[in-house]
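**Student:** turn this into a structure:
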Amino acid sequence: MVSKEYKRDSSLREKFQLLRSITNSHAVTVETLEKGFMIKVMSSKNEPGMLVCVLEVFEDLGLEVVEARVSCKDSFSLHAIGISNNDDCESMDGEAVKQAVAVAVSTWSDSQDPKG
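**Tutor:** Numbers count the residues shown, from 1 in each chain. Below is the predicted model:
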């Protein structure tokens, strides 16, 4: 039997996905790992060049992608593990990585908008 809490969480997730698809918003999450970061980028639509844009941010931050999974058929989804090229990996902040990727994705998306 499925709990009420599980049903509620599932319903909220569906509503959040619908809202995200309506607003064409992007989700960026960054998890700090022992020697790097797990970076996830999701967008309700795939815009040409978005993958290149995100990889350029990784390069600018000094992150080397050691593993990645990308889907860009209708929507855009990237799950990547990046490690620092620098010896001072501990000084790099996960929140700073998240902000840099989020700003780049948002800026790229706005530049591709025919209305903008």
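
**Student:** how about the contacts made by the spatially most central residue of the chain?
**Tutor:** Centroid check for the chain by C-alpha atoms, centre = their mean gives residue 41 as the closest residue, at 1.6 Å. Neighbouring residues of residue 41 by C-beta atoms under 8 Å, 6 or more residues apart in numbering: 26, 27, 28, 54, 76, 77, 78, 101, 105. In short, each C-beta sits where N, CA and C put it, glycine included.

**Student:** reformat the residues you listed as JSON lines; add pLDDT.
**Tutor:** Output for those, formatted as JSON lines (pLDDT from 0 to 100):
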{"residue": "26", "pLDDT": "74"}
{"residue": "27", "pLDDT": "87"}
{"residue": "28", "pLDDT": "92"}
{"residue": "54", "pLDDT": "93"}
{"residue": "76", "pLDDT": "89"}
{"residue": "77", "pLDDT": "93"}
{"residue": "78", "pLDDT": "95"}
{"residue": "101", "pLDDT": "93"}
{"residue": "105", "pLDDT": "86"}
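
**Student:** can you pick the most crowded of those?
**Tutor:** Top of these by neighbour number is residue 101, holding 27 neighbours under the definition other C-beta atoms under 10 Å.

**Student:** so how far is residue 42 from residue 60?
**Tutor:** Plainly put, residue 60 is 21 Å away from residue 42 if you go by C-beta to C-beta, to the nearest Å.
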